[in-house]
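Visitor: task: produce atomic coordinates for the following.
(one chain, ligands or ions: 1)
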Amino acid sequence: MSDPRPSLETRLVHGPEPEHTGAVSTPIVHSATFSFDSLDALLAAKAAGAAGAAYQRSGHPTVHAVERRLADLEGSEDALLFPSGMAAISTAFFAHLRSGDHVVCVDPCYGGTQHFLTWGRERFGWDVTFVDARQPDTWASAFRASTRVLHLESPINPTLTVFDIAAAAALGHQHGCLVSIDNTIASPLGQRPLELGCDLSLYSATKSISGHSDVLAGAAMGSRAQIARLYDLRTMLGPMPDPQTAWLIERSLKTMTLRVRAANANALELAERLRRHARVASVFYPGLRDHPQHALATRQMRLGYGPLLGFEVLGGADAARRVVEALRVIKHGPSLGAVESLSSLAAHTSHAMIGPEGRARAGIPEGLVRLSAGIETIDDLWTDLEQALGALAG
Ligand SMILES: *Cc1c(COP(=O)(O)O)cnc(C)c1O
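Guide: Numbers count the residues shown, from 1 in each chain. From the prediction side, this is the model:
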């Protein structure tokens, strides 16, 4: 009797039928293409959008499983995953802007966002007005009849300026705008922008969402209608993450509460200790009672005040550089919201392009060290900072 199965060679290509395994962790489906028993089934998968799986660029089961978790985390109707934060942010702007449209954007904001909006001015003919994050009462005059988007970020790197998100969202809506926010620094656990009135919450999932310095990813959360607009563009332009990335995010989400709580507690403790240190001129952290928006941050943020703080070393840029280079436990590198504590020099990296005058205008001291607290033992972090600051004496 002949074997009813396909040939060994054909079976080598297709493998056996997949079985339901009961796996607690979402299986990583390493397939970019999906097959169907009928045309109707294929068309139904395509019509299901991000929830369907026909071809990876338009929808993938492992990616979508994580998108559902992210929507649940944010409390949004829907969510979309991207291969980087900038992919999420640029897709959101491309989905809403035409030539002739105008954007109001807080200043400072993430350097990549600022660069993208400025670049698009010449390239695509939209316009952008940057408004001082420290003075929300001046923002109203920036709106025009052509303003389509108000883009927010709070707290803001590296001075940790905080403003009233609900009031800002109301102002944007008064002017008929979409209100988007980059909520990366606080994370979806630390701040609930959609509940405060924003339409679209954008993330570099590279930061607290993934949290292990091993994934580059982005996410957008909002209403079903909003996310559908971004979905169309993601499908057209192609910034679709791979299933391995999605799975690493799922894995990270399971410990996110523990990581965010630990990092935020470390950040607050370090901010308080640094403020009392003789070689530190000032500390920027919304959790400190003398931060200009401390009361607002306490109302607006959850689980503490985020992992990021800034401190100004006495002696300016050179002294700050020596401190960062003397740190051992705290690694010198970009990024934030990771399990590892990270330090960087704003004047040399994130805010190098705007020059000394730009930094002075933005209130960024030349001797500013940016510190993203990780989840290490507080005493090890503090001992490291004390030895690095102590080395300045020589
Ligand atoms: C890192 C970061 C981004 C960019 O995200 P990528 O994942 O690097 O593309 C955007 N906004 C903020 C606040 C960030 O920290």
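Visitor: quick one: name the residues of the stretch 201-350 of the chain near the ligand.
Guide: Within the stretch 201-350 of the chain, the positions near the ligand by CB under 6 Å from any ligand atom are Ser204, Thr206, Lys207, Leu216, Gly218, Leu336. Backbone N, C-alpha and C define where each C-beta goes, glycine included.
Visitor: mind redoing it with 5 Å?
Guide: Neighbours of the ligand within the stretch 201-350 of the chain, by CB under 5 Å from any ligand atom: Ser204, Thr206.
Visitor: what about the residue in the stretch 201-350 of the chain positioned nearest to the ligand, neighbour count?
Guide: The nearest approach of the stretch 201-350 of the chain to the ligand comes at Ser204, 2.9 Å away (CB to the nearest ligand atom). Neighbour count of Ser204, defined by other CB atoms under 10 Å: 28.
Visitor: same question, Asp3
Guide: Residues lying near Asp3 (other CB under 10 Å) number 7.
Visitor: that's a helix at it, yeah?
Guide: No - assessed with DSSP: H, G, I helix; E, B strand; the rest coil, Asp3 is coil; it does not lie in a helix.
Visitor: ok, it to Thr257 distance?
Guide: 53 Å (CB to CB, to the nearest Å).
Visitor: got it, and Gln300?
Guide: Separation of Gln300 from Thr257 (CB to CB): 19 Å.
Visitor: those two: which is more packed in?
Guide: Gln300 (23 against 12).
Visitor: settle this for me: that one is touching Gln191, isn't it.
Guide: Yes - contact criterion CB atoms under 8 Å: Gln300 and Gln191 qualify, at 6.5 Å.
Visitor: which residues are common contacts for the two?
Guide: Counting by CB atoms under 8 Å, 6 or more residues apart in numbering, the shared contacts of Gln300 and Gln191 are Ser154, Ile165.
Visitor: could I get the full set of strands for the stretch 1-150 of the chain?
Guide: Counting by DSSP state E, counting those that start in this stretch, residue ranges of the strands within the stretch 1-150 of the chain are 78-82, 102-107, 127-132, 147-153.
Visitor: which one of the ones you listed lies nearest to the ligand?
Guide: Nearest to the ligand, of all the strands of the stretch 1-150 of the chain, is strand 147-153, at 6.2 Å by CB to the nearest ligand atom.
Visitor: the closest one packs against which elements?
Guide: Helices and strands touching strand 147-153, by 3 or more CB pairs under 8 Å, 6 or more residues apart in numbering; DSSP states H and E, are helix 85-96, strand 102-107, helix 111-124, helix 165-174, strand 178-182.
Visitor: let me know which of the ones you listed is tucked in deepest.
Guide: Comparing the helices and strands packed on strand 147-153 by mean neighbour count (mean count of other CB atoms under 10 Å), strand 178-182 ranks first with a mean of 26.
Visitor: before we move on, back to that, dump the strands of the stretch 1-150 of the chain to CSV, plus distance to Glu272.
Guide: Shown next, in CSV, are the strands of the stretch 1-150 of the chain (distance: least, CB to CB, whole Å):
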stretch, distance to Glu272
strand 78-82, 35
strand 102-107, 27
strand 127-132, 28
strand 147-153, 25
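Visitor: deepest-packed of those strands, please.
Guide: The stretch of those with the highest mean neighbour count (mean count of other CB under 10 Å) is strand 78-82, at a mean of 27.
Visitor: that one pairs with which strands, parallel or anti?
Guide: Using DSSP bridges, the strands paired with strand 78-82 are strand 218-222 (antiparallel).
Visitor: pull the residues that contact the partner strand.
Guide: 70-71, 74, 76-89, 91-92, 188, 194, 199-206, 209, 227, 230.
Visitor: ok, and the closest non-adjacent residue to the closest residue to the ligand within the stretch 1-150 of the chain?
Guide: Residue nearest to the ligand within the stretch 1-150 of the chain (CB to the nearest ligand atom): Gly85, separated by 2.3 Å. Using CB to CB, 6 or more residues apart in numbering and skipping residues adjacent in sequence, the residue nearest Gly85 is Ser204, 2.6 Å away.
Visitor: hang on, Arg144 packs against Asp101?
Guide: No - judged on CB under 8 Å, Arg144 makes no contact with Asp101 at a distance of 9.6 Å.
Visitor: ok, those two, which is more surrounded?
Guide: Asp101 (19 against 13).
Visitor: got any ranges where the chain has weak pLDDT?
Guide: Along the chain, segments meeting pLDDT under 70 span 1, 15-19, 394.
Visitor: got the domain ranges for it?
Guide: 8-253, 256-393 (automatic domain parsing).
Visitor: now do the end-to-end distance for the shortest one.
Guide: This means domain 256-393. 39 Å (CA to CA, to the nearest Å).
Visitor: please apply the same query to stretch 183-195.
Guide: Using CA to CA, the end-to-end distance of stretch 183-195 comes out at 13 Å.
Visitor: quick one: buried residues of that stretch?
Guide: Buried positions in stretch 183-195, judged by neighbour count with 16 or more other CB atoms under 10 Å: Asn183, Thr184, Ile185, Ala186, Ser187, Pro188, Leu189, Gly190, Gln191, Arg192, Pro193, Leu194.
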